[in-house]
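Peer 1: Okay, sequence plus prediction incoming.
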Amino acid sequence: MEELKETCRKILILLDKEFPNQQYYAGVVKNIQTIVKNIYSSALSDETYKEKINFNSLIREFVDETTHFSSPVIPELEKLDRLLS
């Protein structure tokens, strides 16, 4: 559970660094932040996150919208997907 929390924190920090203004506008960056915050909240409560998330689709949407093909957010989202599986 600690690794899950740490991964969530890392994703939120990376998004804040790479896209500081995007959290205020509708789009994939805000969607990812909302999803990761929900997962983090569940982890803090020692609950299993129950919603199904298609991380491949989310990552594809992220790349399409941001054009950041080598963003450090991508491997962290992949890791989050593995941790939730």
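Peer 2: Perfect, I can see it now.

Peer 1: CA atoms for contacts and neighbours, from now on please.
Peer 2: Will do.

Peer 1: In contact with residue 78, which residues?
Peer 2: Residues near residue 78 by Cα atoms under 8 Å, 6 or more residues apart in numbering: residue 55.

Peer 1: for it, helix, strand, or coil?
Peer 2: Following DSSP: H, G, I helix; E, B strand; the rest coil, the label given to residue 78 is helix.

Peer 1: quick one: the helices in the chain?
Peer 2: Along the chain, counting by DSSP state H, helices occupy 2-18, 28-44, 55-66, 73-84.

Peer 1: can these go into JSON lines with extra columns for mean pLDDT?
Peer 2: JSON lines is the format used below for the helices of the chain (pLDDT from 0 to 100):
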{"stretch": "helix 2-18", "mean pLDDT": "96"}
{"stretch": "helix 28-44", "mean pLDDT": "95"}
{"stretch": "helix 55-66", "mean pLDDT": "95"}
{"stretch": "helix 73-84", "mean pLDDT": "96"}
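
Peer 1: which ones are touching residue 62?
Peer 2: Neighbouring residues of residue 62 by Cα under 8 Å, 6+ apart: 28, 29, 68.

Peer 1: residues near the last one, how many?
Peer 2: Looking back up the chat, that one is residue 68. Residue neighbour count, defined by other Cα atoms under 10 Å, stands at 13 for residue 68.

Peer 1: for the first one, same thing?
Peer 2: The burial count assigned to residue 28 is 20, neighbours taken as other Cα under 10 Å.
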